[in-house]
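Peer 1: Give me a model of this one.
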Amino acid sequence: MAPRIGGEPVDLLVVDDDLGHRETLTDVFEAAGYRVWAVPGAEPALELLTKQAVAIALLDLKLAGGSGLDLLREIKKRHPETAAYIMTAFATVENTVDTLNAGADGYFLKPLNLDEVKIVLENQLAQQRLRIEKRLLERAVRISEERYRSLVENLPVVVYSATPEGALTFLSPTVTQLLGYSPEELLANPRLFRGRIDPRDRARVLQERKRLLAGQPLTLEYRLRRRDRQVLEVLDRAQPMLGPDGTVVAVDGILEDLTERKQAAEALRKERDWAQRYLNTAEVILVALDDKGEITLINPKGCRVLRYQASDLIGKNWFETCLPPANREQVYAIYKRLMAGEMEFVEYSENEVLTSSGELRTIAWHNTALTDHSGRIIGTLSSGEDITERNRLQAELVRAERMASIGRISAQVAHEVRNPLASVSLNVELLADELDSYKGQDTGEARAIVATILKEVERLSGIVEEYLQYSRLPAPRLASIELNALIEEFLEFSRSSLIPENIQLKWQPDAALAPVRADADQVRQVLLNLIKNSIEAMPGGGTIVLRTLRAGAGAAIEVQDNGPGIDSQDLEKIFDPFYTSKEVGTGLGLTLARQLLEKQGATIECRSEVGKGTTFRIWLPLAPPPPNRPEEAARSGKPSVPSPK
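Peer 2: Now for the predicted structure:
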C-alpha cells in the first residue's frame with residue numbers, strides 16, 4: 001500500500017549532488033508510492049520549498065557549493081513539521097553530534113540500506129499520522145466544549161412570585177424574551193399565563209402545583225406557547241414560602257427555557273455520536289486518564305489490544321491494571337509528578353502494556369495534557385499504536401541478515417579449511433604407514449602422537465561439516481507424520497547407544513495427538529541434539545523427561561531435564577550462533593535446530609531455572625486433514641482413493 005497522509009501521496013525531497021544516487025533514490029521511492037522531488041543542491045531545494053511543502057527530506061551531508069547541515073537548519077526553520085534525515089559516508093562522532101544539534105530526525109550511512117531507510121520513513125509517517133489524528137481529536141473536543149459553554153451561558157431565566165393559588169405577583173423582564181408578553185400584561189391578566197400552558201400539559205401542571213400548598217418544593221418540565229404560538233419547553237422550579245404558622249403564604253420560582261438547551265443537547269448528542277464513531281473506528285488506541293491515573297475513556301481499539309471490555313477498565317487505575325509489575329511503580333511515580341507539575345510533559349513515549357491474558361505489548365504513545373479553566377493539569381489524553389509486531393519483524397529482519405552473513409562466513413571458513421585438513425589427514429596416515437617399516441625399534445611414542453593428530457583431525461573435520469551444514473541448510477520435506485510413532489522409533493534405535501547408565505529417560509506420550517506436518521528426519525536430528533545437550537549438562541547423572549502434548553493448532557514435544565539450569569542472562573543467547581558454555585563445541589547446535597524448525601513452520605523455545613533444570617519445547621503445526629470426498633480431492637489436486645472394504 002502506497003504511503004499516504006490525509007489521503008494524499010507523501011512528498012519526499014531528495015537533495016544529493018550525485019546524479020546516480022538521486023536517480024536510484026527516485027526510482028526506489030516512486031516505486032514505493034512516494035511523490036519524489038530530487039534536486040542536486042541547496043539552492044534548488046529552497047526554491048522548491050517556497051512552492052511545495054514536503055513531509056520528509058533526505059539530505060546529503062556534503063553538497064557541491066554548500067553544506068547539508070546548513071540546508072537542514074533552513075528547512076527546519078521554514079517547515080518545522082518536515083522530517084529531515086542526513087545521508088553521509090563520513091560517519092564520525094563530530095558529524096553525528098552536528099547532525100543531531102542541527103535538528104535532524106536521524107541519519108543514514110552510505111551506501112544506504114534501502115530496506116532500513118523504508119522502515120524508518122514508514123515509522124516517521126506513522127508518527128506524523130498520529131499527530132494529525134491527535135490534533136483533529138483535540139479540535140473536535142475543543143469545538144464541542146466551546147459550543148456547549150456558549151449555549152449554557154446564554155440560557156434565559158425568568159424569576160417569578162405567585163400566591164399559593166397561582167396568581168402571579170412578580171415577573172422579571174426576561175419573560176418578554178421568553179413568551180413575547182410584557183410582565184405588565186401577564187400580571188394584569190392572571191388567566192393569560194395559565195392559558196400559555198400547552199393543553200397537552202395543562203391538567204398535569206395544575207395537579208402537580210397542588211403539592212406547593214402542602215409545603216413541598218416542585219420541579220416540573222412542561223410546554224408553554226409564546227405569543228407567536230411557538231411551543232417552548234421549560235423547567236419550572238418552585239419553592240413554597242411558609243408563614244409563622246407554617247402555612248404557605250407565597251411561592252417563589254424560576255422559569256427556565258429548556259428549548260435551546262434541549263436543542264443543544266440534541267446537537268451535542270449528535271456530535272458525541274460522531275466523536276464516538278471516530279473512537280470506535282480509529283485504528284489507534286485512545287485512552288484518557290484523570291489526575292489519579294484512573295481510566296475515564298478507552299476506545300474499542302484499546303480494548304482489543306488489551307483484551308478487556310470497556311466496562312472492565314473504566315474507573316480502574318491504568319498503572320495497576322495495564323502495566324507490567326516490573327516498571328509499574330516507576331512509571332506511576334513519573335505520572336504523579338507530571339500531574340503535580342513537577343516535570344515537563346512528555347509528548348512521545350514507548351512502553352509495554354500488560355493484557356488481560358498476561359501478554360506484553362509494546363505501544364508507541366503520543367500524549368497531551370488535559371487542563372481545567374485555570375490551566376491546571378487534570379489528566380491526559382493519549383493515542384497509541386501497537387508496535388509489537390513491527391518491532392518483532394525488525395528484530396527478525398536483523399537476525400535473518402545476521403544469520404545469512406554468518407552462513408556465508410561459515411561456508412568460506414569451511415571451504416578454506418577442508419582441503420588443507422584432508423591433506424594433513426592423508427599425510428599423517430602415510431606417516432603411520434611409514435612407522436611400520438621401523439621394525440625392531442620402539443615407535444610407541446610416535447604412534448601415540450600420530451593417533452592424537454588423527455583424532456584431532458577427525459574432530460576438526462566434524463566441526464567443518466557442522467559449519468557446512470549451517471551454511472547449506474536442506475529444504476524440509478514436509479509430510480503428515482504420527483509424532484508419537486516417530487519418537488518411539490527414534491528411542492528404539494538410539495536409547496541403548498545414546499543414554500548412559502546414570503541417566504533415566506522417561507517417555508510420556510499424549511495418546512490423543514493428531515498428525516503433524518513436519519520433516520521427520522529433521523525432527524529426529526533436533527531431538528538427538530536436545531537429548532545430547534541434556535546428557536552433557538548432567539555428567540553426574542539425572543532424569544530426562546520426553547513428552548508430547550496438544551498445543552493449540554499443533555502439537556508440542558518437550559525435552560525436560562533436572563540439570564543445573566541456565567542463567568537468565570545466558571538464556572537469551574543460547575540460540576545465537578557460536579554461543580556455547582561447553583569447553584568443546586561450535587555453538588551451532590541450537591542455532592541449527594531453530595533454523596531447521598523455522599523452515600518447516602515450527603518453533604522452539606526454552607525455559608530454565610538455575611538449580612532446577614531446563615525444558616526445551618518444540619511446537620509443530622497440525623497436518624491438514626486428507627481429502628476424503630471426490631470434490632475435496634479435486635480441489636487438492638490429488639486423486640481420491642476408495643476406502644478398502
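Peer 1: Please count neighbours and contacts with C-alpha atoms only from this point.
Peer 2: Fine.
Peer 1: could you pull out the helices for the stretch 251-400 of the chain?
Peer 2: Along the stretch 251-400 of the chain, counting by DSSP state H, counting those that start in this stretch, helices occupy 259-281, 300-306, 310-313, 318-322, 325-339, 388-435.
Peer 1: And the strand or helix carrying residue 549, what's buried?
Peer 2: Using DSSP states H and E, residue 549 falls within strand 542-551. By neighbour count, and taking 16 or more other Cα atoms under 10 Å as the criterion, the buried residues in strand 542-551 are 542-550.
Peer 1: After the helix or strand in which residue 491 is found, which helix or strand is next?
Peer 2: When elements are assigned from DSSP H and E, residue 491 belongs to helix 483-498. Read in the C-terminal direction, the helix or strand following helix 483-498 is strand 503-508, with elements assigned using DSSP H and E.
Peer 1: quick one: that next one to chain centroid distance?
Peer 2: Per Cα atoms, centre = their mean, to the nearest Å, the displacement of strand 503-508 from the mean C-alpha position of its chain is 42 Å.
Peer 1: Tell me what angle that strand forms with strand 542-551.
Peer 2: With axes from the mean of the first three to the mean of the last three Cα atoms, to 10 degrees as the criterion, the two stretches strand 503-508 and strand 542-551 enclose an angle of 20 degrees.
Peer 1: Could you count how many residues lie near the residue nearest to residue 310 when sequence neighbours are not counted?
Peer 2: Counting by Cα to Cα, 6 or more residues apart in numbering, residue 303 is the residue found nearest to residue 310 once chain neighbours are left out, at 6.2 Å. Residues within reach of residue 303, counting by other Cα atoms under 10 Å, total 20.
Peer 1: how close does residue 303 sit to residue 141?
Peer 2: Here residue 303 is placed at a distance of 21 Å from residue 141 (Cα to Cα, to the nearest Å).
Peer 1: one step back: residue 314 is in contact with the residue nearest to residue 310, correct?
Peer 2: No. Look at residue 303 against residue 314 with Cα atoms under 8 Å: they stay out of range, at 10.8 Å.
Peer 1: what bridges to residue 236?
Peer 2: Legend: beta-bridge partners of residue 236 under DSSP bridges are residue 220, residue 255.
Peer 1: That one reaches residue 256, doesn't it?
Peer 2: Yes. If you go by Cα under 8 Å, residue 236 and residue 256 touch, sitting 6.5 Å apart.
Peer 1: which ones are touching residue 431?
Peer 2: Contacts were defined as Cα atoms under 8 Å, 6 or more residues apart in numbering; by that measure residue 431 touches residue 450.
Peer 1: most centrally placed residue in the chain?
Peer 2: When the chain is reduced to its mean C-alpha position, the closest residue under Cα atoms, centre = their mean turns out to be residue 386, at 2.0 Å.
Peer 1: wait, what's in contact with that residue?
Peer 2: Contact partners of residue 386, counting by Cα under 8 Å, 6+ apart, are 284-285, 305, 361-364.
Peer 1: quick one: which of those is nearest residue 211?
Peer 2: Out of the contacts of residue 386, the one with the shortest distance to residue 211 is residue 285. That distance is 52.1 Å, counting by Cα to Cα.
Peer 1: quick revisit: which strands or helices does the helix holding residue 491 pack on?
Peer 2: Packed against helix 483-498, as judged by 3 or more Cα pairs under 8 Å, 6 or more residues apart in numbering; DSSP states H and E, are the following elements: helix 520-537.
Peer 1: The nearest residue to residue 253 once chain neighbours are set aside: neighbour count?
Peer 2: Of all residues beyond its chain neighbours, the one nearest residue 253 is residue 238 (4.1 Å), with distances taken as Cα to Cα, 6+ apart. One way to gauge burial is a neighbour count; for residue 238, by other Cα under 10 Å, it gives 22.
Peer 1: Residue 208 now?
Peer 2: Once other Cα under 10 Å is used to define contacts, residue 208 is seen to have 12 neighbours.
Peer 1: again, but for residue 559
Peer 2: One way to gauge burial is a neighbour count; for residue 559, by other Cα under 10 Å, it gives 21.
Peer 1: secondary structure element for it?
Peer 2: Short version: residue 559 belongs to strand 554-561, going by DSSP H and E.
Peer 1: Check residue 191 too.
Peer 2: The secondary structure element spanning residue 191 is helix 190-196 (assigned by DSSP H and E).
Peer 1: which strands and helices sit next to whichever helix or strand comes after that helix?
Peer 2: Tracing the chain past helix 190-196, the next element assigned as helix or strand by DSSP H and E is helix 199-213. For helix 199-213, the contact count by 3+ Cα pairs under 8 Å, 6+ apart identifies strand 218-225, strand 231-242, strand 248-257 as packing neighbours.
Peer 1: In terms of secondary structure, what does the second one contact?
Peer 2: So that's strand 231-242. Other elements packing on strand 231-242 under the criterion 3+ Cα pairs under 8 Å, 6+ apart are helix 199-213, strand 218-225, strand 248-257, helix 259-281.
Peer 1: Mean pLDDT lowest where, among those?
Peer 2: In terms of average pLDDT, helix 259-281 trails the rest of those, at a mean of 70.
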